[in-house]
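A.B. asks: Build me a structure from this.
(chains A, B and C)
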Amino acid sequence: MRQQIIDTKINLHASGEADECLFEYLHAEMVNYALSKSCKNKEGEEELSRLEWMGFSVGYRIIERLTREWNRFKDELDMIKFICTDFWSSLYHKQIDNLRTNHHGVYVLQDNSFRLLNKVGTNSNKQYLQETPRLLSFTCGLLRGSLANLGIISTVNAEISTLPSCKFHVQVQRI
Amino acid sequence: MAVCVAVIGKDNSPKYIRCVDESSALQFHCKVHTSIDIIEEKLNVGNKAATDIRDLYLNLLYATEEYKIYGYATNTKIKFIIVLHSSNVSLRDNDVKMIFKKLHAAYSNAVCNSFYIPGDQLNSRQVQSI
Amino acid sequence: MSRAGTKLDSKKVFCMKNILRYDENLYIINSELFTLTYGALVAQLLKDYENVEDVNKQLERMGYNMGIRLIEDFLARTGSGRCYDFRDTAEKIQTGFKIFLGITPTITNWSAAGDEFSLCFEANPLTEFVELPDHCLNLKYCNVLIGVLRGACEMVQMEIACWFVQDQLKNDNVTELRIKFIKRLEDAIPAGED
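C.D. replies: Below is the predicted model of the structure:
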């Protein structure tokens, strides 16, 4: 009996990996689509609002399901911790590596090897640094949407210094 | 069975109300609105007792001679309300909790429909089937 | 002491037991991410294009691009070689669905010539939460699948055509996908290969 349970788990993992690439390819297509629809603004930055918006929509919906079996959160920090641990590991298979906050509505979430950046290149490869914002825009929206549904209105920006690590800056808007 | 089920949005506007007896719907709307206040009070963070309620299920909100009213609030500030006849003793506390869980599951599935715009009225077939 | 708003406190939130607890649900949640992301994409396309037919076309095109990459993963994962015949292909496509979407569609309705068959889906993770609104009745929500199959087959030198015959989103009992063999693409074999 015990053996059986273990076996099915291994199977689940194998297929889990499989749809990982499914998501990655879909994401790649969405990035291409968003770029084909956007025009560069004056500073030469790409306009990625479509990607951000799709991320927002997914985040808003998925958080509804992820928090279903969860006890009520105590406060804002409790919610952010949930995002860093359970939320992140169910979506990206690992937790956020480091969380910093000034306790006044600024949170910095650092992921040392972000799933969607893993294949772009490693060890301070500067070649693609210009193009990376487009790979993070969807996730920025995902974070903003999830927090919005939990009642935290925020702006989320991403920052990359060395691939494949990145930081998400969450700035909570106090009303 | 429950005589009235309601889903209340973040802004306390009703997203979905269904009553078994439509002719007395107005009466139930009033009851639902009263119970929103009680839920708000229970969830109010400043309130010391409130921090103890970590469970999403909020138990019996209040009872009148005729009805018993139960509440439930999700992490995303959506409130569910169920009204039962006082004479209904077949449904225990746990059963009510199960109905809420089912309602919550149906609600979160409806939200996951990519054609549903959050904040709109609910008219998903899944919610209606409960 | 840190001044408010300037210096950031470092706080590790790493906790091993959380990872373990979610293990079993990981697979389910992860496929939900895909399902919802696809849904958001379809909604965005409907916003961007006036014509539903253009949305269908765009979904097919995206599927094609995904298919030509997915076939590599499929071959690496299964280690399968050339197909003996089109029946063999049908089984491999079925395996593909099992690997990538965790579903096993049934292979049915072979044509007499053996060049055409149907895949019937009872469950489909892509449409798990979807209820089509009335104004989108011409939308082929799952059109990405058609693109994926076309792209994947083309990479193994096979031209196919496929289309939906029935669709659960339009109140049919099953979703039926018809697949037809067109021809082998001999020219596409790269030089240097036997």
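
A.B. asks: show me where the chain has helices.
C.D. replies: Reading this off chain A. A:2-37, A:49-66, A:76-82, A:88-92, A:133-149 (DSSP state H).

A.B. asks: meant chain B, my bad for not saying
C.D. replies: B:25-43, B:93-112, B:125-128.

A.B. asks: So which of the ones you listed is nearest A:F168?
C.D. replies: Closest to A:F168 of those is helix B:93-112 (Cβ to Cβ; 23.6 Å). No exception for glycine: its C-beta is placed from N, CA and C like everyone else's.

A.B. asks: what about the closest one, average pLDDT?
C.D. replies: In this model, helix B:93-112 carries a mean pLDDT of 88.

A.B. asks: List the buried residues for it?
C.D. replies: B:96-97, B:99-101, B:103-104, B:106-112 (16 or more other Cβ atoms under 10 Å in any protein chain shown).

A.B. asks: picking that back up, with respect to C:E32, which of the helices of chain A lies nearest?
C.D. replies: helix A:49-66 (6.4 Å).

A.B. asks: The closest one - contacts with which helices or strands?
C.D. replies: The helices and strands touching helix A:49-66, judged by 3 or more Cβ pairs under 8 Å, 6 or more residues apart in numbering or on different chains; DSSP states H and E, are helix A:2-37, helix A:133-149, helix B:93-112, helix C:16-48.

A.B. asks: By mean pLDDT, show me the worst of those helices.
C.D. replies: Mean pLDDT values for the helices and strands packed on helix A:49-66 show the minimum at helix A:2-37, a mean of 65.

A.B. asks: contacting residues for C:C142?
C.D. replies: Under the criterion of Cβ atoms under 8 Å, 6 or more residues apart in numbering or on different chains, the contact list for C:C142 reads C:N124, C:L126, C:T127, C:F164, C:D167, C:T175.

A.B. asks: Would you quantify the distance from the residue nearest the centre of chain A to A:W53?
C.D. replies: Centroid-nearest residue in chain A: A:T139, 3.6 Å away (criterion: Cα atoms, centre = their mean). Counting by Cβ to Cβ, to the nearest Å, the gap from A:T139 to A:W53 is 13 Å.

A.B. asks: Might one say that B:G119 is in contact with B:T76?
C.D. replies: No. Taking contacts as Cβ atoms under 8 Å, B:G119 lies outside contact range of B:T76: 11.7 Å.

A.B. asks: which residues are in contact with both of the two?
C.D. replies: B:K10.

A.B. asks: Looking at the two, which is more packed in?
C.D. replies: Counted by other Cβ atoms under 10 Å in any protein chain shown, B:G119 and B:T76 do not tie: B:T76 has more neighbours, with 21 against 10.

A.B. asks: Apart from its neighbours in sequence, what residue is nearest the more buried one?
C.D. replies: Once flanking residues are discounted, B:T76 sits nearest to A:N149: 4.7 Å by Cβ to Cβ, 6 or more residues apart in numbering or on different chains.

A.B. asks: List the residues that contact the one you found.
C.D. replies: A:G59, A:Y60, A:I63, A:E64, B:T76, B:P118.

A.B. asks: B:S24 now?
C.D. replies: By Cβ under 8 Å, 6+ apart, the contact list for B:S24 is empty.

A.B. asks: Can you pull up the residues of chain C that come close to chain B?
C.D. replies: Applying Cβ under 8 Å from any Cβ of the partner chain, we find that chain C lies next to chain B at C:32, C:35-36, C:39-40, C:42-43, C:128-133, C:136.

A.B. asks: what mean pLDDT would you report for stretch A:55-68?
C.D. replies: 92.

A.B. asks: Return the distance of the residue nearest to C:L169 when sequence neighbours are not counted relative to B:N113.
C.D. replies: The shortest distance from C:L169 to any residue other than its chain neighbours is 4.9 Å, reached at C:L132 (Cβ to Cβ, 6+ apart). Separation of C:L132 from B:N113 (Cβ to Cβ) stands at 9 Å.

A.B. asks: These two: which is more packed in?
C.D. replies: Legend: neighbour count by other Cβ under 10 Å for C:L132 and B:N113, higher for B:N113 (21 against 16).

A.B. asks: can you map out the helices along chain C?
C.D. replies: Along chain C, counting by DSSP H, helices occupy C:16-48, C:52-78, C:86-101, C:143-155.

A.B. asks: Nearest spatial neighbour of the residue nearest to the centre of chain A, chain-adjacent residues omitted?
C.D. replies: Spatial nearest neighbour of A:T139, excluding adjacent residues (Cβ to Cβ, 6+ apart): A:G55 at 6.2 Å.

A.B. asks: So that neighbour is in contact with A:L136, correct?
C.D. replies: No. Using Cβ under 8 Å, A:G55 makes no contact with A:L136, being 9.5 Å away.

A.B. asks: And these two? Which one has more around it.
C.D. replies: A:G55 (27 against 24).

A.B. asks: what sits against the more buried one?
C.D. replies: When contacts are counted by Cβ under 8 Å, 6+ apart, A:G55 touches A:S137, A:F138, A:T139, A:C140, A:G141, A:L142, A:L143, A:R144, A:G145, C:A40.

A.B. asks: at 6 Å what do you get?
C.D. replies: Going by Cβ atoms under 6 Å, 6 or more residues apart in numbering or on different chains, A:G55 touches A:F138, A:G141, A:L142.

A.B. asks: Next: C:Y64.
C.D. replies: Going by Cβ under 6 Å, 6+ apart, the list of residues near C:Y64 reads C:G147, C:R150, C:G151.

A.B. asks: of the residues you listed, closest to chain B?
C.D. replies: Among the contacts of C:Y64, C:G147 lies closest to chain B (Cβ to the nearest Cβ), at 18.7 Å.

A.B. asks: From A:A28, how far off is the nearest residue to A:V31 once chain neighbours are set aside?
C.D. replies: Distances taken as Cβ to Cβ, 6+ apart put A:R134 closest to A:V31, at 5.2 Å, once the chain neighbours are dropped. A:R134 is 10 Å from A:A28, where distance means Cβ to Cβ.

A.B. asks: With adjacent residues omitted, what lies nearest to the closest residue to chain C within chain B?
C.D. replies: Residue of chain B nearest chain C, by Cβ to the nearest Cβ: B:S114 (2.9 Å). What sits nearest to B:S114 in space, not counting adjacent residues and going by Cβ to Cβ, 6+ apart, is C:G39, at 2.9 Å.

A.B. asks: Surely the one you found and B:N113 touch.
C.D. replies: No. Taking contacts as Cβ atoms under 6 Å, C:G39 lies outside contact range of B:N113: 7.5 Å.
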